[in-house]
Each structure stands twice: as C-alpha cells, then as structure tokens.
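# next input, structure requested:
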Amino acid sequence: MWRRVTTAFLIFVCLASPAVFAATGWLTLAGPKRLSGALAGGLAAAVFNIGWDALAGRMDWWAYHSSGDVLPTLAISISVVFVFGATAGLVGWRMMRAMGWTGVATFFAGYVGLGMLRDHMLATNSTLFAFGAGPMPQVMGAVGYLSLALVVQVTMLLMAGPPRHDPLRAS
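Numbers count the residues shown, from 1 in each chain. So this is what the prediction gives:
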C-alpha cells in the first residue's frame with residue numbers, strides 16, 4: 001500500500017473532481033437550476049467541512065498532517081466541493097426523486113458509509129490523515145458526514161426545489 005500521497009495523485013484529484021461532477025450532471029439529466037444548487041451545496045459542505053476539521057483538531061478526533069504544502073489542502077477542499085458536495089448531491093437528488101423515502105435513507109446511509117470508508121483508507125494507507133484514539137473520532141466522523149449530506153440536500157432544496165418538482169434536462 002502507498003504510505004505517501006504523491007503530487008501527481010493530488011493533481012489528479014484536483015482535475016478529476018470537477019470532471020466527475022460534470023459527468024454526473026450529464027448522467028443524471030440535471031438542469032441548470034439543479035446543477036447550480038448542487039454546486040452551491042458543495043460549497044456549503046466545504047465550509048461545514050472546514051468547521052468540522054477545526055473542531056476535530058481541537059478535540060483530538062482526527063487530524064490532517066501537512067508539511068505546509070498547499071496542494072494536499074487544495075485537493076481535499078476541491079474533492080469535498082465537487083465529489084462529496086455537488087456530485088453526491090446530484091446522486092442523492094436522483095435517488096430521492098426515483099425512490100422517495102427509501103432513496104432518502106439509502107442516500108444518507110451511503111454518504112456516511114462512503115465518507116467513513118474514505119477516511120479509514122486515508123488513515124490506513126497514507127500519512128495525510130489520522131484518527132484520534134478510541135471510538136469517539138469515528139462516531140463524530142459519521143455525524144460530520146451526515147451533517148455535510150444534510151447541508152448539500154437542504155441547499156439544493158432551497159435553490160432548486162423538491163426532487164420531483166424540477167423537469168429533467170432533455171437527453
């Protein structure tokens with residue numbers, strides 16, 4: 001396994017994250033209103049994420065280790081905005097639109113699960129991220145991801161309306 005995150009990988013994350021959002025926007029048939037709502041939700045999630053990371057650092061729940069290089073911070077922030085924010089918001093919107101309350105439950109459970117998996121993979125396979133001791137860091141990590149998912153979906157709801165009320169873009 002890789003113990004050091006390479007510069008090439010971080011640049012890839014910076015470039016791939018917006019591309020993943022664009023592809024998801026096209027695949028979900030989201031219109032401009034829904035796309036802008038998803039991007040705004042991604043930005044709101046990034047702000048919440050900064051707050052969660054600051055609180056986690058003060059409480060010793062988790063920490064991102066940086067050598068002062070701006071690239072890791074930029075890559076993580078861009079991936080939060082585009083992947084854990086906007087892209088996940090569009091996927092959740094389509095799930096909620098198609099499956100109602102089952103889609104809501106599935107989306108939020110999947111979002112928290114994938115977020116926790118991401119953190120555990122980073123903690124295990126790199127020196128970039130580390131959890132604190134005990135079960136509290138994982139519990140608070142799950143709460144943090146749940147709050148990010150809520151922020152994204154509430155922002156989209158406010159900007160673009162309920163999942164079933166906007167038309168799909170013509171394919």
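
# how about the helix or strand of the chain with the lowest mean pLDDT: buried residues?
Across the helices and strands of the chain, mean pLDDT, DSSP states H and E gives its lowest value to helix 70-79, namely a mean of 82. For helix 70-79, the neighbour count (16 or more other Cβ atoms under 10 Å) marks 71-72, 75-76, 78-79 as buried. Using the backbone N, CA and C atoms, a C-beta is placed for each residue, glycine as well.

# would CSV of these with distance to Gly110 be doable?
Shown next, in CSV, are those (distance: Cβ to Cβ, whole Å):
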residue, distance to Gly110
Leu71, 29
Pro72, 26
Ala75, 23
Ile76, 21
Ile78, 22
Ser79, 17
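
# contact partners for Gly42?
21, 80-82, 84-87, 89, 152 (Cβ atoms under 8 Å, 6 or more residues apart in numbering).

# hmm, back to that, can you name the residues in contact with the least confident helix or strand of the chain?
By Cβ under 8 Å, 6+ apart, the residues outside helix 70-79 that reach it are 5, 7, 10-11, 13-14, 17-18, 46, 49, 64, 66, 128.

# can you give me the end-to-end span of stretch 84-91?
10 Å (Cα to Cα, to the nearest Å).

# and if you look at stretch 72-90?
End-to-end distance for stretch 72-90: 25 Å, by Cα to Cα.

# burial count for Leu29?
Residues lying near Leu29 (other Cβ atoms under 10 Å) number 14.

# give the burial count for Gly113, as a bare number.
12.

# again, but for His120
Close neighbours of His120, defined as other Cβ under 10 Å, add up to 14.

# follow-up on the earlier one: kindly reformat the contacts of Gly42 as a markdown table containing neighbour count.
Converted to a markdown table, the contacts of Gly42 look like this (neighbours: other Cβ atoms under 10 Å):
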| residue | neighbour count |
| --- | --- |
| Phe21 | 23 |
| Val80 | 24 |
| Val81 | 23 |
| Phe82 | 26 |
| Phe84 | 24 |
| Gly85 | 30 |
| Ala86 | 32 |
| Thr87 | 24 |
| Gly89 | 34 |
| Val152 | 30 |
